[in-house]
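**Student:** Let me see the structure of the following:
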Amino acid sequence: MAEMIAISLSAKVAATLSRSPAADISSLVAVRSGIAAAARDLELLRAFLRFADSRRGADALVSAWVDQIRDVGFELEDAADEYAFLSGGGFVRACANFGAWLALARRLGKARVRLRDLSDAKERYGIRPASASASSSAPDGGTGPVVGQKLAEAAHFVEHGEIVGVAAHRRLLMKWLTEDLDSRRSLVAVCGMGGVGKTTLVTSVYKEVAASRYFDCAAWVSVSKNFTTDDLLRKIAKELHRDARAGMPDIDEMDYRSLVEALRGHLANKRYLLLLDDVWDANAWYEIRNALVDDGTGSRIIITTRSQDVASLAASTRIIMLEPLCEQEAWSLFCNTTFRKDDNRECPHHLEHWAVKILGRCCGLPLAIVSVGNLLALKDRMEFAWKNVHDSLDWNESSVRGIGQVSSILNLSIDDLPYHLKRCLLYCSIYPEDFLIKRKILIRLWIAEGYIEEKGQGTLEEIADDYLNQLVQRSLLQVTLTNEFGRVKRLCIHDLIRDLILQRSMKEGFIVFSKCSPALESSKKIRHLILDRCIDKLPSSLTNLLNLRYLGIRSTLIKELPQELGKLHHLQTLDTKWSMVQRLPPSIAKLKSLRHLILYRRRSADFRYPGPGSAIVFPQGLQNLTCLQTLKYVEADENMVKSLGSLKHMKSLEIFGVHESILVHLPSSISKMSGLLRLGIVSRDANVSLDLEPFSQPPIKLQRLSLTGMLARGCYILL
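**Tutor:** Numbers count the residues shown, from 1 in each chain. Below is the predicted model of the structure:
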């Protein structure tokens with residue numbers, strides 16, 4: 001997390017200083033140069049921060065050091081934001097805020113002294129990247145990979161009763177391995193989140209197939225997250241020679257070329273089965289495939305992975321996606337594990353209440369169910385004993401042997417994330433349990449927080465979309481709904497993953513939850529503000545939130561926005577959909593950073609019966625909002641439609657109240673929106689006919705066109 005701050009601050013300072021004029025007053029107090037110098041200091045500390053972050057769980061001293069670096073990073077980031085605001089109005093504003101400049105200079109000086117002291121302290125505490133070799137394979141302090149290896153090996157000894165809910169997958173896997181007539185070497189992939197039972201499934205099949213002698217030789221290998229090609233080849237060679245130790249060559253002394261030659265020689269003209277368990281990176285396959293002979297004998301390679309990218313190495317018809325168990329299957333596994341010593345393996349009636357509640361905490365994850373079942377098997381069959389287990393169940397910090405393994409396995413997926421994906425995932429901890437997350441809103445929030453870095457020609461929204469897809473492919477976010485183009489619309493987070501990222505976020509100060517409005521009154525650092533439906537008035541201090549990027553009052557009873565809304569110069573998203581806001585203040589035209597404006601007024605205060613809504617008129621000055629990409633539910637008039645021609649970055653536009661005189665100007669404005677993807681046009685009333693002849697050649701990238709009204713006779717659109 002601290003490394004994220006260093007990178008984020010460096011990017012922010014570069015952008016801020018490039019946009020802000022070097023006013024004389026800022027030179028006087030040396031704020032500009034001070035912020036830039038502090039950013040350079042943090043940049044130099046990045047290597048130390050990366051190493052220190054990896055040791056947080058195992059070293060309390062290092063954790064304290066990282067926390068303090070993080071706090072200084074936040075202070076410097078706030079200073080950069082304040083600098084951008086104070087210098088945004090040029091020399092006149094700078095002079096008018098002389099006192100604010102002096103205060104900012106003092107704060108900056110103290111922050112730089114703290115940063116310098118902490119930099120010196122790293123030498124005293126022995127925080128050196130060179131020491132990382134001892135723990136390079138253990139991003140969580142060394143326990144994760146070790147536990148993962150032990151659990152993988154333990155899959156060889158799983159009892160039949162602990163394999164539940166995968167009978168169909170098991171039959172399919174057996175068919176692909178033993179009944180497929182294709183003589184070419186082929187890959188089979190089993191994909192799913194950590195703890196979902198991939199290793200247990202494939203190992204049970206592997207044992208049966210290997211014992212049948214259908215294959216001439218077989219090898220089962222666990223691939224470590226930080227594998228080296230040579231070590232992986234040695235593991236495979238040793239497994240293949242397991243039953244013939246006397247004739248095994250001196251594998252440990254071989255280099256890459258010798259290992260490849262030895263394996264090719266051993267596998268020549270043989271039908272072999274290779275299981276590569278827990279593959280994190282597609283390179284693991286690319287770097288060893290030359291050693292795996294493909295001579296038409298029908299050899300098969302099985303890989304298990306958490307990554308859909310890795311799974312795609314196999315043909316799409318040879319991929320099994322494992323999901324958490326359904327309620328009935330989870331109950332069966334729970335009873336088989338918890339009551340395995342009983343002949344009937346049934347839960348006593350007096351314990352069913354707590355059994356159901358405990359099972360609910362497992363969220364259908366076999367690893368969690370087996371872990372808690374093993375724990376309960378040792379407990380007295382008394383209600384209070386099971387209640388105590390339920391109340392103390394903590395997947396992340398439990399010291400009970402076996403329970404902590406669940407977090408170790410799941411944490412590996414989180415620790416493996418690069419910094420830009422990790423902070424996006426941790427941000428998702430703000431959502432309640434079982435909440436359906438809207439893709440568009442999540443992306444806008446990530447952008448508002450500054451988590452999305454510009455690169456290449458892509459927009460921030462396109463880059464954020466790619467980040468989201470990567471989290472889905474890593475089985476950390478789950479898709480619940482897609483649109484007609486196969487694009488994600490809604491997602492959710494597995495409850496156990498949410499528990500882990502929530503605890504991380506709160507522990508590291510990444511997210512702070514507040515149930516009351518005083519938190520708003522006392523903080524000017526808020527970047528996004530989403531108010532609940534019970535709110536009927538915006539706090540008077542709203543316009544003091546100078547760092548605000550996202551303001552969401554969707555489905556509230558709020559009726560008006562402050563006249564000083566234009567003071568929020570950094571605001572990127574304003575979402576008033578299904579609120580009771582009737583008009584926009586004229587100062588909204590000053591929000592030149594605004595990217596997404598979603599309007600639409602509800603007419604009824606009764607949330608149970610919202611009824612029809614209505615669009616909102618935009619005041620003069622729409623042409624100033626040149627960063628706008630989304631403009632929805634806005635009332636059309638002639639001036640507004642002409643202003644649309646200045647919004648060349650528009651991607652999603654929906655306008656209401658369209659009539660004949662407006663249609664004359666609309667095509668010209670829309671033709672300038674080369675990136676427009678979605679267009680919605682709603683006529684003023686049912687009797688107005690829409691002559692769309694000028695739209696016969698819509699924007700080239702247009703994907704969706706929504707028309708509400710009566711089309712003129714003979715009108716057509718070429719799509």
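**Student:** give me the element the spatially most central residue of the chain is part of.
**Tutor:** Residue closest to the mean C-alpha point of the chain, counted by CA atoms, centre = their mean, is L425 at 3.6 Å. Taking DSSP states H and E as the definition, one finds L425 inside helix 419-427.
**Student:** other SSEs contacting that helix?
**Tutor:** Under the contact definition 3 or more CB pairs under 8 Å, 6 or more residues apart in numbering; DSSP states H and E, helix 419-427 sits against helix 2-19, helix 439-448, helix 460-473, helix 495-507. Quick note: C-beta positions are derived from backbone N, CA and C, even for glycine.
**Student:** let's go with 10 Å and repeat that
**Tutor:** Applying 3 or more CB pairs under 10 Å, 6 or more residues apart in numbering; DSSP states H and E, we find helix 419-427 packed against helix 2-19, helix 46-54, helix 404-415, helix 439-448, helix 460-473, helix 495-507.
**Student:** Show the average pLDDT along that helix.
**Tutor:** In this model, helix 419-427 has an average pLDDT of 89.
**Student:** Any idea how far that helix is from the middle of the chain?
**Tutor:** Taking the mean of its C-alpha atoms, helix 419-427 sits 6 Å from the chain's own mean (CA atoms, centre = their mean, to the nearest Å).
**Student:** what sits against the residue nearest to the centre of the chain?
**Tutor:** Contact partners of L425, counting by CB atoms under 10 Å, 6 or more residues apart in numbering, are 413-414, 417, 467-468, 470-471, 474, 476-477, 493, 497, 500-501, 504-505.
**Student:** ok, the residues you listed vs H659, which is closest?
**Tutor:** The nearest member of the contacts of L425 to H659, counting by CB to CB, is L468 at 39.1 Å.
**Student:** Just give me the neighbour total for the closest one.
**Tutor:** Per other CB atoms under 10 Å, the neighbour tally for L468 reads 22.
**Student:** Over to the one 4 residues further on?
**Tutor:** Applying other CB under 10 Å, we find 15 other residues in the vicinity of V472.
**Student:** Please read off the pLDDT at it from the model.
**Tutor:** For V472, pLDDT reads 90.
**Student:** show me what contacts it?
**Tutor:** Residues in contact with V472, defined by CB under 10 Å, 6+ apart, are 308, 478-479, 488, 491.
**Student:** What about those residues, which are in helices?
**Tutor:** Q308 (DSSP state H).
**Student:** List only those of the contacts of V472 flagged as buried.
**Tutor:** In the contacts of V472, burial by neighbour count holds for 308, 478, 488, 491, counting by 16 or more other CB atoms under 10 Å.
**Student:** Tell me the spacing between the first one and K110.
**Tutor:** Noted for Q308: a distance of 47 Å to K110, by CB to CB, to the nearest Å.
**Student:** same thing with the third one?
**Tutor:** Separation of V488 from K110 (CB to CB) stands at 45 Å.
**Student:** cool, the last one as well?
**Tutor:** Distance, L491 to K110, using CB to CB: 42 Å.
**Student:** try T228
**Tutor:** Counting by CB to CB, the gap from T228 to K110 is 46 Å.
**Student:** repeat for Q68
**Tutor:** From Q68 over to K110 (counting by CB to CB), the distance is 13 Å.
**Student:** okay, these two: which has more neighbours?
**Tutor:** Set Q68 next to K110 and count neighbours by other CB under 10 Å: Q68 wins out with 16 against 12.
**Student:** secondary structure element for the more buried one?
**Tutor:** Per DSSP H and E: helix 60-87 holds Q68.
**Student:** Ok, D536 next?
**Tutor:** Under the criterion DSSP H and E, no helix or strand holds D536.
**Student:** This structure - how does it break down into domains?
**Tutor:** Listed by automatic domain parsing, the domain ranges of the chain are 2-135, 166-321, 417-507, 518-711.
**Student:** Would you single out the least confident of those?
**Tutor:** domain 2-135 has the lowest average pLDDT among those, namely a mean of 64.
**Student:** Might one say that I598 is in contact with Y550?
**Tutor:** No: counting by CB atoms under 10 Å, I598 sits too far from Y550 to count as a contact (11.4 Å).
**Student:** Now for the two: what residues contact both?
**Tutor:** Counting by CB under 10 Å, 6+ apart, the residues touching both I598 and Y550 are 441, 444, 573-575.
**Student:** Could you check how far the residue nearest to the centre of the chain is from L351?
**Tutor:** Distance of L425 to L351, given as CB to CB: 36 Å.
**Student:** Burial check on E346, number of neighbours?
**Tutor:** The tally of other residues near E346 (other CB under 10 Å) stands at 10.
**Student:** Name the SS class of it, please.
**Tutor:** coil (DSSP: H, G, I helix; E, B strand; the rest coil).
**Student:** And L707, by the same measure?
**Tutor:** Once three-state DSSP is applied, L707 turns out strand.
**Student:** re the thing from before, could I get the CA-only coordinates of the helix holding L425 as CSV?
**Tutor:** C-alpha atoms of helix 419-427 as CSV (Å, rounded to 0.1, in the frame of the first residue of the first chain):
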residue,chain,number,x,y,z
TYR,A,419,-0.1,-2.4,-6.9
HIS,A,420,-2.6,-0.8,-9.4
LEU,A,421,-5.0,-3.8,-9.1
LYS,A,422,-4.5,-4.2,-5.4
ARG,A,423,-5.7,-0.8,-4.5
CYS,A,424,-8.7,-1.2,-6.9
LEU,A,425,-9.7,-4.4,-5.1
LEU,A,426,-9.2,-3.0,-1.6
TYR,A,427,-11.5,-0.2,-2.6
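**Student:** could you pull out the strands for the stretch 301-450 of the chain?
**Tutor:** Using DSSP state E, counting those that start in this stretch, the strands of the stretch 301-450 of the chain run over 319-321, 437-438.
**Student:** Just send the ones you listed back as JSON lines, with mean neighbour count too.
**Tutor:** Output for those, formatted as JSON lines (neighbours: other CB atoms under 10 Å):
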{"stretch": "strand 319-321", "mean neighbour count": "18"}
{"stretch": "strand 437-438", "mean neighbour count": "17"}
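**Student:** Make TSV out of these and add distance to G360.
**Tutor:** Shown next, in TSV, are the strands of the stretch 301-450 of the chain (distance: least, CB to CB, whole Å):
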stretch	distance to G360
strand 319-321	23
strand 437-438	21
